[in-house]
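# need a structure here:
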Amino acid sequence: MARIIEVLPQDSEIEELTSPKNAQAAKALKHRREVKRRLDDYLERAELRRALGVDDDEDF
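Here you go, the predicted structure:
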């Protein structure tokens, strides 16, 4: 199984790097944050599943 290493910037880092200049940029930034949040949740659930020894085929 491949190892996933988190290399996504934190919200505060994103905020420092980007300040939306218009509505489209603000929308894109909001979308990136939502995607990052979903990925963080997924990785957390995957880590919990591994810790509990739950198979991928079973419902969690």
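# So what's the residue count around Asp11?
Look at Asp11: counted by other CB atoms under 10 Å, it has 12 neighbours. In this view, the C-beta of every residue, glycine as well, is placed from N, C-alpha and C.
# Ok, Leu39 next?
The burial count assigned to Leu39 is 13, neighbours taken as other CB under 10 Å.
# quick one: pLDDT of Asp40?
Looking at Asp40, its pLDDT is 94.
# Asp57 now?
Listed pLDDT for Asp57 reads 58.
# Likewise for Arg45?
Here, the pLDDT recorded for Arg45 equals 94.
# can you check Glu34 too?
Glu34 carries a pLDDT score of 94 in this model.
# Now it: which helix or strand?
Assigning secondary structure by DSSP states H and E places Glu34 in helix 23-52.
# For that helix, what is the distance to the chain centroid?
3 Å (CA atoms, centre = their mean, to the nearest Å).
# Quick check: which helices or strands does that helix pack against?
helix 11-17 (3 or more CB pairs under 8 Å, 6 or more residues apart in numbering; DSSP states H and E).
# what's the average pLDDT for the helix it packs on?
69.
# Name the residues of the helix holding Glu34 that come out as buried.
Within helix 23-52, the residues scored as buried using 16 or more other CB atoms under 10 Å are Leu29, Lys36.
# out of everything not next to it in sequence, what's closest to Pro20?
Once flanking residues are discounted, Pro20 sits nearest to Ala26: 3.7 Å by CB to CB, 6 or more residues apart in numbering.
# from what I can see that neighbour touches Arg32, true?
No. Assessed by CB atoms under 8 Å, Ala26 is found out of contact with Arg32, at 10.9 Å.
# so Lys21, which of the three states?
What DSSP: H, G, I helix; E, B strand; the rest coil gives for Lys21 is coil.
# What is the neighbour count of it?
Neighbours of Lys21 (other CB under 10 Å): 8.
# where's it relative to Glu44, distance?
Going from Lys21 to Glu44 by CB to CB, to the nearest Å gives 33 Å.
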